[in-house]
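Visitor: need the 3D shape of this:
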Amino acid sequence: MIFRLKFYLYIGVIALLSACNTNQNSKTTEFTGGNKVVRIADVTIPSTIFPHRLTNSIEAIIAGQIHDGLVKTNPKDLKVEPGLAERWEISPNGKSVTFYLRKGVLFQDIGPLKGKNDEVTSKDVKFTFELLCTDRPGNVQFATVCKDRLVGANEYYKASSEGKKTELKGFKIIDDYTFSFDLLSPARVFIEILASPVAAIVSEDAYKVDKENVTVGCGPFIFDTKSSNKTHYALYKNPNYWAKDKEGNALPYIDSLIVDIVSSTEDALVKFKQGIYQFIGTVPGSQLKEIVETNIAEFKTSPPKYILDQRPEMVNSYYVFNINKAPANNIKVRQAISYAIDRNKIIEHALFGQAYGPGIYGVTPPTFDYYNIKQIKGYNLDIEKAKKLLAEAGYPNGKGFPELQLIVNSGNTRNNTVAAEIQKQLKTNLNINITFESLPNAEKFNLQIKGKGDMFRDAWVADFPSPETFLSVFYGGYVSKDTAHLAFPNTIKYINTEFDKNYEKGRNAIDRDSSAMYFLKAEQILMDEAPVLSLWYESNCRLISSTLHNFYTNPIRYFDFTRVKIDESKQDK
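Guide: Numbering: from 1, shown residues only. So this is what the prediction gives:
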């Protein structure tokens with residue numbers, strides 16, 4: 001652990017200073033003939049790239065390059081910046097915001113919009129938010145963006161579910177380039193949410209043709225439908241993109257971006273070393289020490305060949321229980337399991353030290369200076385208390401306890417390694433048995449929302465920089481008793497009225513300190529009831545080719561390739 005901390009402090013300094021050579025063996029000319037190509041890898045197969053259906057980070061990364069929202073996140077410091085809207089004004093009471101669109105911004109000249117020269121106007125914004133407020137299969141982002149935030153959103157959603165038409169009262173068009181939102185909660189948080197790809201502006205004309213298969217956006221890159229497939233996403237430069245740099249040069253700088261879905265993090269690492277990829281988001285923990293030891297000389301060169309980057313993330317890794325099925329519907333069973341896990345041993349043996357810290361407090365990671373998670377009483381290892389709780393639940397020394405089924409997502413071998421370690425610990429500490437199965441993320445997600453299984457591996461990457469995004473996963477205000485109704489992100493359909501009350505007060509508070517007070521109360525309730533088994537707070541390790549310039553990693557895994565440059569002098573010819 002001492003080695004890990006010292007090393008990353010050193011590498012963090014190098015990462016700020018570096019730019020150097022790496023091999024680029026994969027050339028692509030399938031788009032516009034340009035050779036400024038960035039290629040990255042991930043292990044999760046996207047189920048969709050339509051904004052309202054996004055449920056994981058790689059889907060958001062791809063969608064975020066194709067689509068633009070009213071505002072953007074600066075990937076360097078996570079500040080909100082103008083996007084399609086060149087400016088906005090917030091009312092004195094903080095609950096109304098008026099946006100002013102840029103003039104002359106065009107949707108991409110492809111597919112159903114080919115040759116139409118279709119400009120982005122207020123009507124497209126109106127259509128987008130009406131669509132977000134419509135009850136339809138696949139709309140998983142209503143709760144994130146609009147529910148209980150935008151005036152009239154709940155009523156619009158209910159009317160749509162009943163096949164009725166109504167007005168979205170909180171949205172008003174002023175002219176073709178000006179419109180306003182009336183809000184129930186502070187505009188500050190709403191604007192942060194608008195920077196997420198899930199709130200990107202959608203073309204009504206394109207949607208009418210392709211529905212949720214639409215890939216036309218107004219972002220910096222165009223989706224190449226001919227060259228792409230489920231494991232290969234090819235994007236090329238949008239020649240009509242609205243943004244320019246300070247010198248007036250058209251953005252983006254690169255010609256194309258390729259996202260490959262590989263079988264494992266180990267496969268991604270091999271191909272990164274070969275120069276095929278310029279960025280991989282996860283270095284296998286089992287190989288981290290070897291990478292450091294064999295390449296320490298290169299890390300020390302000025303500049304180094306590539307950058308090993310690790311920092312705390314706004315990400316928590318955890319398991320959720322199927323609280324609607326025995327035996328995990330018993331609170332004492334969940335508490336017993338939570339006390340029986342040695343999280344430090346998981347970090348040491350299964351993650352090889354690659355974590356910010358054990359998840360012994362709550363679900364919110366320790367990345368907010370105004371939100372002290374140490375005030376939350378969570379679960380540290382206490383075997384005697386775990387045994388006592390299990391006995392009180394009716395299973396003394398594990399006698400009669402049914403075998404639990406744990407489902408994890410495939411692609412990252414550490415998911416299996418962690419599951420095996422937890423399997424061992426629960427057998428040793430509580431004499432209970434679990435089995436685990438590794439499935440593609442889409443299959444795991446489908447079983448999870450249908451409640452078929454006992455425990456599920458999960459993680460949450462912040463949609464926006466606030467504790468609210470982590471607690472929203474367990475908010476019951478939109479959960480239906482209808483088991484066929486999807487309740488994303490609350491896939492386990494956890495409901496606690498006191499949790500919901502405090503969550504709502506925190507969401508609607510006028511300042512961050514007030515929000516923190518209520519969110520801390522909500523999170524303590526969540527920990528007391530233990531529907532979630534918090535495991536560790538992420539500190540992911542990434543490899544970045546130092547041929548990339550203006551490429552920034554950040555705690556919410558938000559990547560913007562609009563201003564990324566390639567040092568062409570360092571590439572193989």
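Visitor: what are the boundaries of the helices in the stretch 101-250 of the chain?
Guide: 122-132, 142-145, 153-161, 187-194, 204-210 (DSSP state H, counting those that start in this stretch).
Visitor: now the shortest one: buried residues?
Guide: In this case it means helix 142-145. Buried residues in helix 142-145, counted by 16 or more other C-beta atoms under 10 Å: Phe142, Ala143, Thr144, Val145. Using the backbone N, CA and C atoms, a C-beta is placed for each residue, glycine as well.
Visitor: how about a markdown table for those, with pLDDT and distance to Leu251 added?
Guide: A markdown table is the format used below for these (pLDDT from 0 to 100; distance: C-beta to C-beta, whole Å):
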| residue | pLDDT | distance to Leu251 |
| --- | --- | --- |
| Phe142 | 94 | 32 |
| Ala143 | 90 | 33 |
| Thr144 | 92 | 28 |
| Val145 | 95 | 26 |
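Visitor: for Gln405, which of the helices of the stretch 101-250 of the chain is the nearest?
Guide: Nearest to Gln405 among the helices of the stretch 101-250 of the chain is helix 142-145; the distance by C-beta to C-beta comes to 27.9 Å.
Visitor: so what does that closest one touch, helix or strand wise?
Guide: helix 187-194 (3 or more C-beta pairs under 8 Å, 6 or more residues apart in numbering; DSSP states H and E).
Visitor: centre of the chain to the helix it packs on, how far?
Guide: Between the centre of helix 187-194 and the centre of its chain there are 17 Å (C-alpha atoms, centre = their mean, to the nearest Å).
Visitor: ditto for stretch 166-173
Guide: 29 Å.
Visitor: give the rounded mean pLDDT of that stretch.
Guide: Stretch 166-173 shows an average pLDDT of 97 in the prediction.
Visitor: now for the protein, the helix or strand with the poorest mean pLDDT.
Guide: helix 2-17 (a mean of 35; mean pLDDT, DSSP states H and E).
Visitor: so after it, what's the next helix or strand?
Guide: Beyond helix 2-17 on the C-terminal side, the first helix or strand identified by DSSP states H and E is strand 37-42.
Visitor: can I get that next one in PDB? Just the C-alpha atoms.
Guide: This file holds the C-alpha atoms of strand 37-42, laid out as PDB (Å, rounded to 0.1, in the frame of the first residue of the first chain):
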ATOM      1  CA  VAL A  37      -7.200   8.600 -35.700                       C
ATOM      2  CA  VAL A  38      -7.800   8.000 -32.000                       C
ATOM      3  CA  ARG A  39      -8.600   4.400 -31.000                       C
ATOM      4  CA  ILE A  40      -9.700   3.400 -27.500                       C
ATOM      5  CA  ALA A  41     -11.000   0.200 -26.000                       C
ATOM      6  CA  ASP A  42     -13.600  -0.900 -23.500                       C
END
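Visitor: which residues sit against the helix or strand that that strand is followed by?
Guide: Moving toward the C-terminus from strand 37-42, the next helix or strand (DSSP H and E) is helix 57-66. Applying C-beta atoms under 8 Å, 6 or more residues apart in numbering, the set of residues contacting helix 57-66 from outside is 42, 44, 46-51, 53-54, 196-198, 200, 215, 217, 219-223, 233, 235, 257, 259, 261, 461, 557-561.
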